[in-house]
Each structure stands twice: as C-alpha cells, then as structure tokens.
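*Asks:* build me a structure from this.
(one chain, ligands or ions: 2)
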Amino acid sequence: MKRKFKFSQVATPAGDAPVKGEAMGNLKIYEPGEILEENGVILEVGERTSDADITFDYRGKLAIPGLVDSHNHLPFAGERLDEFEMKLRGASYMEIAKAGGGIRSTVKATREASFEELFQQAKARAFWLLKNGTTSVEAKSGYGLNLEDEIKQLEVAKALDRAFPMDVVPVFLGGHDIPPDRDKDSYIHDLVEKIIPEVASSGLSSYFDAFCEEGVYSPSDVEKMFRAALEHGLKIRLHTDEFTHTGAIPMAVDMGAISVDHILFASDEDIEKLAASDTVGVLMPTVSFFLRMEKYAPGRKIIDMGGAVALGTDFNPGSSPAVSMFFPLWLLVFKMGLSMEEALTAATINSAFVLGLDGKVGSLEPGKKADFLVLNFKNYREIFYYFSEPRLIAVYKEGRKVISLPRKWEDT
Ligand code: NIG
Ligand code: FE
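*Replies:* Ligands and ions are numbered 1, 2, ... in the order given. You can find the predicted model right below:
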C-alpha cells in the first residue's frame, strides 16, 4: 500500500556521503513537502508526489530525517551518579578514573550483569533515544575488556537491533581501557592474537574502536591493534584527543579510519590531514558540556578546511549520559559555530556514513528507509531558534509510527 505524508516543509540532506566542506551547508528544502512510502521504503520526496492509497495530513508541520547517533555506548550496566557529584565538586574525569572510578567501575558492573540484565537496561535506554528522535544508533562494547564480556555486550547490541524499532550498529570497542585485572602489554598481545580475530570471525561487529589518551593507550599501542583489526577485515574508529593532544589523528587517517572521535585537542596539522581525507571527525559537544570543559572540538575549522563532521551523543555513564541528539545539535550551532544546515547534515547523513548505513538512512531520498521525524514547526530553522524543545510530534521508523504524542496536544 502506497502511503503519502503531507508537510509544510521537508528538509533533508541529499547525495553521497560523507558530505564534506561547503557542501555540508546544502539541504534540500521542499515547501510544501510530501513523502511517498511503501513497505517502509521511500518512493518519492518532493513538493508533489504521485498518487497514494492513503494520505496523512501533517500540513503545518515539518519533516526531517530520523536522527543518527554515530557515537553511543548503549550496552553497559549501572550508572555513575556518585562520580557525577564528585565532578560537580570539582574532580576531573581523569582524576576520578585514577581513583578507581571511571570506565573501570562500569567494567565491573557490566561483567557482573547477565545478558538479560544488560539487554533490559539497553532496551530501556534505547526507548529514550527513540522518543527523542534517534532512529539509528551505534552500540559500542568496551565495558567487558575480555573476550567473553565483550561478546556479551555485542550480542546485546545485536539482539536490540532485532527486537527494537531502531537500526543498532554493534561496534567492538576492545581498546576502550586497560582491563583492571591485566597489564597493558599482555592485554594488547591478547587483543591482537586472540580477541580481535575471534570477534571478527564471530561476525558480531564490523568495526574496531579504541581510546588513545595519556594514561590509557598511546598512538603506537593503537597502531598495533588497528593493524590486527584491518588484517581481520574490521573497519577502524578511534576515541582520541579528548583531554590531551596525542598525535594519533594522522596515524588513524593514514590507516583509513572511518572516524576520529572527540578530537578536542587536534592540532592545525591534524585538522589539515583529516580534512583532506574521507575520515569523519565525530563531534560530541555534550561531553564538553557535561564535564564542564571550556573547550569544544574544532568542528568549524574542519568544515572550513573541506572536511566532514558527524554528530554523536557519546551516551555513556561517565562523560555524557545524554540521550537526545537535539541538545548536541543546539550546541553545534551555539557553541561550535556550525550553521543550522551543517548541524543537521552532521546529525543525519554523515552520522549514517560513520555507521555504514548511508545507503539506507540519513536522508529522505527514494530507496532509503522511511525514517522521519514530524515536528510542530513550519521551518527547520525553528529547531534552533526555539532551542530547548524540539516539539516532536511523531517518530516514524521504516514507515511505522513508533512514537506519537497524544493528538490533543499536537497543535499546542
Ligand atoms: O567516549 N573516552 C572514553 N570513553 C567514553 C567515556 C566512557 C566512560 O566514562 O565510561 C567517552 O567519553
Ligand atoms: Fe565514547
């Protein structure tokens, strides 16, 4: 059955990803706009589309693509509210980590959790993401840090992809930290010789990710892991330069990384190299906000130099318990100097590219999934102007209305 949706405006990026440089500022605007859909797939988008069997009238409303969260640590156990209080009293993220908190405390909780417990927690969080307009999301492991518990997290991610109306992309973050019960070199040896090959052959993830930072892994540690990951057919991504300049960005770009994430302390040379490549810089401004840092990543510079950026919440219990993509979208514009169009491109098609989903989601174009948000605005610029409330009315995933506000409230 062909279904038509009518809006006052449809705003979407279009074309091939990653969208780089100036092109990040180009959105396609249809005013009025229509989406014609069949079996969850978009047939046509335009001011007028062909005849349909049924028409839904959203005139007076705006449609944009479902948001894509390209950096998210969804399957973990517990929370870290006590650390949050320490942070508010002035302790830094790295101080807390050194005092036995941080990633390692979530590793303990995640190892202790059963598959079922982990799945239920991840599913509850996925609901909050969906309710806030995220229709595709990454789900990193990285809180197991041994073969069995990394696999458990990845299986939770895979089960969630099947059970929940979201695209969930499992990413093997085997290099997230040094396991509490291991020394660094022996763990790297294990990763390279055993864990990376086994995860790769399990087919549970097609990505490997690591954390390069002072006190965690050095660029040369990461290079060893990356070599093994590439050898076993995995794509590579990297957390880097979150708190210090590590020098890892050129290495990651040279090795063909899909993305480098955080990158607050990237140097001008790093940015130049990144911008000239197809490696995407993933921006996560809620981390700066939550850790009360003055500094934000040089997203503006990356685009000005011709590069591509994407957006993630970095949803995790320590540095960004943020479920909504709207808050980081506002920060991109208000704190990082991106235009509204660039911010939307980052949060949709470029994020889809990072997750390997750009052929399927991230823009409203024929052949892609009918994943779209209905907002009580007439123009996409109002998303930023009326910051603090995205006025979401409905979330559609593959043509199905999965979130909806009570009708009575729609027009208030
Ligand atoms: O992306 N930087 C390392 N990893 C996460 C934080 C994880 C945690 O604190 O549990 C991040 O910020
Ligand atoms: Fe992260």
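
*Asks:* show me the domain layout of the protein.
*Replies:* 2-65+363-411, 68-354 (automatic domain parsing).

*Asks:* nearest to ligand 1, out of those domains?
*Replies:* domain 68-354 (2.3 Å; CB to the nearest ligand atom). Any C-beta I mention is one placed from the backbone N, CA and C, and that applies to glycine too.

*Asks:* and that closest one, how far from the chain's centre?
*Replies:* Chain-centre distance of domain 68-354: 8 Å, with CA atoms, centre = their mean, to the nearest Å.

*Asks:* could you give the mean pLDDT of that domain?
*Replies:* Here domain 68-354 scores 97 as its mean pLDDT.

*Asks:* can you tell if that domain touches ligand 1?
*Replies:* Yes - Domain 68-354 lies within reach of ligand 1 by CB under 6 Å from any ligand atom, at 102-103, 106, 211, 239, 242, 287, 314, 316-319.

*Asks:* about what we covered before: buried deepest among the domains of the chain, which one?
*Replies:* For these, ranked by mean neighbour count under the definition mean count of other CB atoms under 10 Å, the leader is domain 68-354 at a mean of 21.

*Asks:* ok so, going back, in strands, which of the residues of domain 68-354 next to ligand 1 fall?
*Replies:* Within the residues of domain 68-354 next to ligand 1, residues falling in strands by DSSP state E are 211, 239.

*Asks:* any chance of the residues of domain 68-354 next to ligand 1 in JSON lines with distance to D261 as columns?
*Replies:* JSON lines is the format used below for the residues of domain 68-354 next to ligand 1 (distance: CB to CB, whole Å):
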{"residue": "G102", "distance to D261": "18"}
{"residue": "I103", "distance to D261": "15"}
{"residue": "T106", "distance to D261": "18"}
{"residue": "F211", "distance to D261": "9"}
{"residue": "H239", "distance to D261": "5"}
{"residue": "E242", "distance to D261": "8"}
{"residue": "V287", "distance to D261": "10"}
{"residue": "D314", "distance to D261": "8"}
{"residue": "N316", "distance to D261": "12"}
{"residue": "P317", "distance to D261": "17"}
{"residue": "G318", "distance to D261": "15"}
{"residue": "S319", "distance to D261": "12"}
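
*Asks:* so which of the residues of domain 68-354 next to ligand 1 belong to helices?
*Replies:* Judged by DSSP state H, the subset of those located in helices is 103, 106, 287.

*Asks:* what's the closest of these to V280?
*Replies:* Using CB to CB, V287 comes nearest to V280 of those, at 16.9 Å.

*Asks:* how about the contacts made by that closest one?
*Replies:* Applying CB atoms under 8 Å, 6 or more residues apart in numbering, we find V287 in contact with 242, 262, 293, 314, 319-320.

*Asks:* apply 6 Å and report the result again.
*Replies:* 314, 319-320 (CB atoms under 6 Å, 6 or more residues apart in numbering).
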